[in-house]
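Asker: below: sequence and its predicted model.
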Amino acid sequence: MKAHLTELLAQAAKAVTPELADLSVVLERPKSAEHGDFATNLAMTLARTLKQNPRAIAQSLITALPASPYVARTEIAGAGFINFFLNPAAKAGVVREILGHAAWGRNNTGQGRKLQVEFVSANPTGPLHVGHGRGAAVGDCLCRLLEATGWQVTREFYYNDAGAQIDNLTRSVQCRAKGLTPDDPAWPEDGYRGDYITDVAKAYMAKEKIDAEDKHVIGAGDADDAAAIRAFAVAYLRREQDLDLRAFDVHFDVYSLESALYTEGKVEATVKSLIASGHTYEQDDALWLRTTSFGDDKDRVMRKREGGYTYFVPDVAYHLDKWQRGFSRVINEQGADHHSTITRVRAGLQALGIGIPQGWPDYVLHQMVTVMRGGEEMKISKRAGSYVTLRDLIDMVGRDATRYFLAARRADSQLVFDIDLALAHTNDNPVYYIQYAHARICSVLEQWGGDVSSLAEADLSPLQLPHELGLMQRLAEFPETLENAANELAPHLIAYYLKDLAGDLHSYYNAEKFLVEDEAVKHARLALVGATRQVLQGGLQLLGVSAPNEM
RNA sequence: GCCCCCGUAGCUCAGUGGAUAGAGCAUCCCCCUCCUAAGGGGAGGGUCACACGUUCGAUUCGUGUCGGGGGCGCCA
């Protein structure tokens, strides 16, 4: 419909201003229904070049506008807007389209191209915290959005299992295995203090068997064998994280290990390439990368004076590996505290000089999460000690509410997770509000008892009420909302859309009865709410939130 | 000091180069002999932090100031 109107306008514009070869016609959906179904500011944008009153131009455009079977009327409004009012039959077309296509609203922008999304990527040093939860929710929704727009998505998790944090973890578990507590003077200064460290140590000493995603480790039971403790602790915590993610319904296709980049020689190879590129130099017994040549504000150390590489070197090796695996598009979803690494990784990739685009890879950074309960900030959990875990959230408010609240906010603004709100079973709580709309429709269709697929053929002409026209309008907006959310990498747009759609449905439900005597009216209304149910389902699916048939 | 994000109703937050800036909560009023009231209808509530600039038009774009958060390591 939008394309149709755009074409009409383009023709009209050509008639009015033949000298202007290509002008872009922009149609938008007015915020308020009284301004029609579509509107354009074309006359205003032309006012300048034509040196005419916008309203006069608008009148010329309307006069030149070809007739359309879909347009009921047009009007000139405000400073020179042209508003289009569609006839009800044109609006109702969307209902038939929806019911006729299970995948309605999705598109094929990606054309099956490969794309990788890396997210969560927590260190295996403890349970996932709420920040990881936000990353998991946002990252997974991004994947769903990109899949819905035709991309072939690989979900990937990167484990930093090779750095100082792991040494620290090993020491902490070892101390627990030897019976030390964090109060003990011999406890490492920056050791991990959460209860889970005790669990790991106990399991290790009890010679338990750990089945992690791709690894099987048995506790050696020897408190002096640091290497064995290390392998066991990492496997144990990876399994913990896997279980948390599974409970969150987030799954990965590929797990990459930092340690593997070393053992497979990829770090060394990357360093060699960088040296060969001429962008490195030795100074103060360290090896530096001239990242300032690529937009950084100072050069960065690659190899430390004491030997060993700084963290961004394996990061560059890792991203080179992604590139070589054929991902021309990569999106990294991370906490905003990582933002300084972006410049470094991109600089390293540019220094390689192998044709990686400057802005590659893309980043989506999410800001901090604060958890509130009973009006107070929640900062600790018994299990992890100093932070609230993802598991805590799921246990307290359930998976659906956790996913919804963590994804329903713009990633780049800070998020307050209100436990009491997420637990509320009223319309304070958008999750239940949306799910309830879905369940209500299911209930109505259930009571009707007819064949839902037959509704695709229903005569929709009885749909004339403002509630019905408004609901159809909202449904028609779903494809562009989806497209927009995918382009902007902004899953929260889906959450807001669903809330609005659910609101339209609830209003309609309260105003009109669907299962009425008049068969024609009944079928038309059932077709409309059936289409609404389908869009609600599709939208909730994008968020990874369930769509229950009853509540 | 430098870099990134944010500042919109009492609260939590959407939104946008254009038409009267929206939603939910909270406050007040109203609606179940009726398909799930986990719902709906209505009222009040705003200098879109502030200033300047660009523009026919700025809450939106730019610059600066002030607030809040995060990052600035030969840690990851």
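Answerer: That came in fine, so what should we check first?
Asker: use CA for all of it now, contacts and neighbours both
Answerer: OK.
Asker: could you check which residue of the stretch 101-250 of chain A lies nearest RNA strand B?
Answerer: Proximity to RNA strand B, evaluated over the stretch 101-250 of chain A using CA to the nearest atom of the strand, is greatest for A:Gly163 at 4.2 Å.
Asker: count of residues packed around the closest residue to that residue other than its chain neighbours?
Answerer: Nearest-residue entry for A:Gly163: A:Tyr311, 7.8 Å, with adjacent residues in sequence omitted and distances by CA to CA, 6 or more residues apart in numbering. By the criterion of other CA atoms under 10 Å, A:Tyr311 has 17 neighbours.
Asker: what does the one 5 residues further on give?
Answerer: A:Val316 is flanked by 22 other residues according to other CA under 10 Å.
Asker: what sits against the residue nearest to it when sequence neighbours are not counted?
Answerer: In space, and not counting its chain neighbours, A:Val316 is closest to A:Val345: 5.4 Å by CA to CA, 6+ apart. Contacts here follow CA atoms under 8 Å, 6 or more residues apart in numbering; on that basis A:Val345 touches A:Phe312, A:Asp315, A:Val316, A:His319.
Asker: what are the phi and psi values for the third one?
Answerer: Spelled out, it's A:Val316. Here is the backbone geometry of A:Val316 (degrees, to the nearest 10): phi -70, psi -40.
Asker: please enumerate the helices of the stretch 201-350 of chain A.
Answerer: Taking DSSP state H, counting those that start in this stretch to define them, one finds helices in the stretch 201-350 of chain A at A:226-247, A:258-263, A:266-277, A:312-324, A:339-351.
Asker: would a markdown table of the ones you listed with distance to A:Ile76 and mean pLDDT be doable?
Answerer: Output for the helices of the stretch 201-350 of chain A, formatted as a markdown table (distance: least, CA to CA, whole Å; pLDDT from 0 to 100):
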| stretch | distance to A:Ile76 | mean pLDDT |
| --- | --- | --- |
| helix A:226-247 | 54 | 94 |
| helix A:258-263 | 62 | 94 |
| helix A:266-277 | 62 | 96 |
| helix A:312-324 | 53 | 96 |
| helix A:339-351 | 48 | 93 |
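Asker: so can I have CSV of those helices showing distance to A:Asn168?
Answerer: Listed next are the helices of the stretch 201-350 of chain A as CSV, based on distance: least, CA to CA, whole Å:
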stretch, distance to A:Asn168
helix A:226-247, 10
helix A:258-263, 16
helix A:266-277, 22
helix A:312-324, 19
helix A:339-351, 22
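Asker: get me the contact residues on the stretch 351-500 of chain A for RNA strand B.
Answerer: Within the stretch 351-500 of chain A, the positions lying close to RNA strand B (CA under 7 Å from any atom of the strand) are A:367-368, A:409-410, A:412-416, A:425-430, A:432-433, A:436, A:439-440, A:442-444, A:447, A:493, A:496, A:500.
Asker: inside helices: which ones of these?
Answerer: With DSSP state H as the criterion, helices contain A:430, A:432-433, A:436, A:439-440, A:442-444, A:447, A:493, A:496, A:500 from among these.
Asker: skipping adjacent residues, who's closest to A:Tyr236 in space?
Answerer: Of all residues not flanking A:Tyr236 in the chain, A:Ile210 sits nearest, at 6.2 Å (CA to CA, 6+ apart).
Asker: pLDDT below threshold where in the stretch 151-300 of chain A?
Answerer: Counting by pLDDT under 70, the stretch 151-300 of chain A shows low-confidence ranges at A:213-214.
Asker: how far off centre is the lengthiest helix in chain A?
Answerer: What stands out as the longest helix in chain A, according to DSSP H, is helix A:519-543. In this view, helix A:519-543 has its centroid 25 Å away from the chain centroid, taken as CA atoms, centre = their mean, to the nearest Å.
Asker: again with stretch A:207-221
Answerer: Put simply, stretch A:207-221 sits 33 Å off its chain's centre (CA atoms, centre = their mean).
Asker: same question, stretch A:386-395
Answerer: So, by CA atoms, centre = their mean, the centroid of stretch A:386-395 is 20 Å from its chain's centroid.
Asker: and for that stretch, what's in contact with it?
Answerer: A:127-130, A:132-133, A:194, A:244, A:247-248, A:371, A:378-381, A:402, A:419.
Asker: quick one: buried ones out of those?
Answerer: A:127-130, A:132-133, A:194, A:244, A:247-248, A:371, A:378, A:402, A:419 (16 or more other CA atoms under 10 Å).
Asker: any chance of these in JSON lines, with secondary structure and distance to A:Glu118 too?
Answerer: Converted to JSON lines, the buried ones among the contacts of stretch A:386-395 look like this (DSSP: H, G, I helix; E, B strand; the rest coil; distance: CA to CA, whole Å):
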{"residue": "A:Pro127", "secondary structure": "coil", "distance to A:Glu118": "19"}
{"residue": "A:Leu128", "secondary structure": "coil", "distance to A:Glu118": "16"}
{"residue": "A:His129", "secondary structure": "strand", "distance to A:Glu118": "17"}
{"residue": "A:Val130", "secondary structure": "helix", "distance to A:Glu118": "18"}
{"residue": "A:His132", "secondary structure": "helix", "distance to A:Glu118": "12"}
{"residue": "A:Gly133", "secondary structure": "helix", "distance to A:Glu118": "14"}
{"residue": "A:Gly194", "secondary structure": "coil", "distance to A:Glu118": "27"}
{"residue": "A:Asp244", "secondary structure": "helix", "distance to A:Glu118": "17"}
{"residue": "A:Ala247", "secondary structure": "helix", "distance to A:Glu118": "19"}
{"residue": "A:Phe248", "secondary structure": "coil", "distance to A:Glu118": "17"}
{"residue": "A:Val371", "secondary structure": "strand", "distance to A:Glu118": "25"}
{"residue": "A:Met378", "secondary structure": "coil", "distance to A:Glu118": "29"}
{"residue": "A:Thr402", "secondary structure": "helix", "distance to A:Glu118": "21"}
{"residue": "A:Ile419", "secondary structure": "helix", "distance to A:Glu118": "28"}
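Asker: pull up the gap between the closest residue to A:Cys442 other than its chain neighbours and RNA strand B, please.
Answerer: Spatially, and ignoring its direct neighbours in sequence, A:Cys442 is nearest to A:Asn549 (5.6 Å; CA to CA, 6+ apart). Computed as CA to the nearest atom of the strand, to the nearest Å, the A:Asn549 to RNA strand B distance reads 6 Å.
Asker: between the longest helix of chain A and helix A:430-448, how many degrees?
Answerer: 140 degrees (axes from the mean of the first three to the mean of the last three CA atoms, to 10 degrees).
Asker: confidence score at A:Lys304?
Answerer: As predicted, A:Lys304 sits at a pLDDT of 93.
Asker: with A:Ser461 instead?
Answerer: Reading off the model, A:Ser461 has pLDDT 94.
Asker: which helix or strand contains the residue nearest to it when sequence neighbours are not counted?
Answerer: For A:Ser461, ignoring the flanking residues on the chain, the nearest one in space by CA to CA, 6+ apart is A:Ala89 at 6.3 Å. Per DSSP states H and E, A:Ala89 falls inside helix A:88-100.
Asker: just want the angle from that helix to helix A:519-543.
Answerer: 60 degrees.
Asker: need the contacts of A:Val345 in CSV with distance to RNA strand B, can you?
Answerer: What follows is the contacts of A:Val345, written out as CSV (distance: CA to the nearest atom of the strand, whole Å):
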residue, distance to RNA strand B
A:Phe312, 7
A:Asp315, 9
A:Val316, 12
A:His319, 14
